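K.L.:
Predicted structure and sequence below. I'll ask about it afterward.
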Amino acid sequence: MSYLTVKDASKQFGGSVRALDGVSFAVERNEFFTLLGPSGCGKTTLLRSIAGFADLTAGSISLAGAALDAVPSHKRDIGMVFQDYAVFPHLTVAENVAFGLKARKVPATETATRVAEALNTVRLGAMAARLPAALSGGQQQRIGLARAMVIRPKLLLMDEPLSNLDAKLRIDLRDEIRDIQKSIGIAAIYVTHDQEEALAISDRICVMNAGRIEQIGTPQEIYADPRTIFVASFVGTMNILPQEAASHLGLESSRVHQWAIRPEHIQLDQGNLAPDSVRLAGRVEKYTYLGREAHVMAQTPAGKIVVQLADPAPSLRMEPGSAISLAFRRQDILSFDSKGVRLEGRGN
Ligand SMILES: Nc1ncnc2c1ncn2[C@@H]1O[C@H](COP(=O)(O)OP(=O)(O)O)[C@@H](O)[C@H]1O
Ligand SMILES: [Mg+2]
């Protein structure tokens, strides 16, 4: 049996809003599991239901073999980190972290040991006596993390914990969160709307859309083997072409509603193509040089296509309006039916 099991979870708010609509998944002990989806898709509602801050309209949740449905939130042994740091400004860093232990009536000497341990884990040991206002945003979020972990929870929930931090800090802290989760060996559910963050941090990703699960898989599966057009276009960049593009791509189109191909799977045709390559002529609309890569926006008879070139020669020039010849392999084109469901696997 899985460590955490969510079964047929639904949540209806008032009238017609279905924040969750039949959501089922399981998380293993030790796993870093991420809920990824656009704003409003139900991520926070799901996390709050697991934490016990909200009741499900239907469905059940169990943790470590026990049903949670009748267990109040403070007895669930679940740690939670929020987007806003939610630290008490008048308490020191150590007092903030000790707060949950006091509420649980843990003796003072044990509290001191556990707080010191938690602060060391998040590298705030030297800040224990400071007030939160003296700390940076990244450090304040480490307090949140220490506070969630110090209760030794069975499960760690994090709701967009890095959203308020700047880009560089986000990357540093996400790597750290991942390292801490692995080193203490705890099951974690992490919420984000940032697909790159999800790819970087997760063992498995659960892509959500409008209260439902679109796909659950490893980062590699989600990126390279998307099962729906939603996943294909939400994670990474994807060229989506209409059914009518088929004639220009030399493809069979009977049940296909949309085609999709990644920008990095398109090359410039420089006369050195594999025999099964598909060619497409077009015109350059825009060329953007980014150092390690370059992006070409091309207008073609099949539609607008973005091409990503790896390691572009600094001498490469692409003037708007100039002719361009694109090429890609048939096996890299994904096809989707009118419901947005993937039709065939890669390499067909
Ligand atoms: N307390 C509430 N009352 C009414 N509607 C809500 C409430 N909380 C969330 N919702 C609605 O439920 C849906 C999912 O919200 P939420 O779980 O916050 O999404 P996310 O965290 O993915 O952005 C949204 O349509 C939101 O407006
Ligand atoms: Mg949210």
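P.N.:
That came in fine, so what should we check first? Numbers count the residues shown, from 1 in each chain. Ligands and ions are numbered 1, 2, ... in the order given.
K.L.:
which stretches of the chain have low pLDDT?
P.N.:
Under the criterion pLDDT under 70, the flagged ranges of the chain are 345-348.
K.L.:
mind checking the SS state of the residue nearest the centre of it?
P.N.:
By C-alpha atoms, centre = their mean, the chain has its centre lying nearest to residue 198, at 2.9 Å. Classification of residue 198 by DSSP: H, G, I helix; E, B strand; the rest coil places it in helix.
K.L.:
Not counting sequence-adjacent ones, nearest residue to it?
P.N.:
When the adjacent residues along the chain are set aside, residue 198 lies closest to residue 36, with 4.3 Å between them (C-beta to C-beta, 6 or more residues apart in numbering). In short, each C-beta sits where N, CA and C put it, glycine included.
K.L.:
how many neighbours does the one you found have?
P.N.:
Residue crowding around residue 36 was assessed by other C-beta atoms under 10 Å; the count is 28.
K.L.:
That one contacts residue 189, doesn't it?
P.N.:
No. Counting by C-beta atoms under 8 Å, residue 36 stays clear of residue 189, with 11.4 Å between them.
K.L.:
Identify the single longest strand in the protein, thanks.
P.N.:
In the chain, assigned by DSSP state E, the strand with the most residues is strand 277-289.
K.L.:
what packs against that strand?
P.N.:
Contact partners of strand 277-289 among helices and strands, from 3 or more C-beta pairs under 8 Å, 6 or more residues apart in numbering; DSSP states H and E: helix 246-249, strand 293-300, strand 303-310, strand 323-329.
K.L.:
how about residue 188, what does it touch?
P.N.:
By C-beta atoms under 8 Å, 6 or more residues apart in numbering, the contact list for residue 188 reads 31-33, 155-158, 181.
K.L.:
Name the SS class of it, please.
P.N.:
Secondary structure state of residue 188, per three-state DSSP, is strand.
K.L.:
any idea how far ligand 1 is from it?
P.N.:
To ligand 1, residue 188 is 17 Å away according to C-beta to the nearest ligand atom, to the nearest Å.
K.L.:
in what helix or strand does the residue of the stretch 51-200 of the chain found nearest ligand 1 lie?
P.N.:
Here the stretch 51-200 of the chain gets closest to ligand 1 at one residue, residue 191, 6.7 Å apart by C-beta to the nearest ligand atom. Using DSSP states H and E, residue 191 sits within strand 187-192.
K.L.:
What residues of that strand count as buried?
P.N.:
Buried positions in strand 187-192, judged by neighbour count with 16 or more other C-beta atoms under 10 Å: 187-192.
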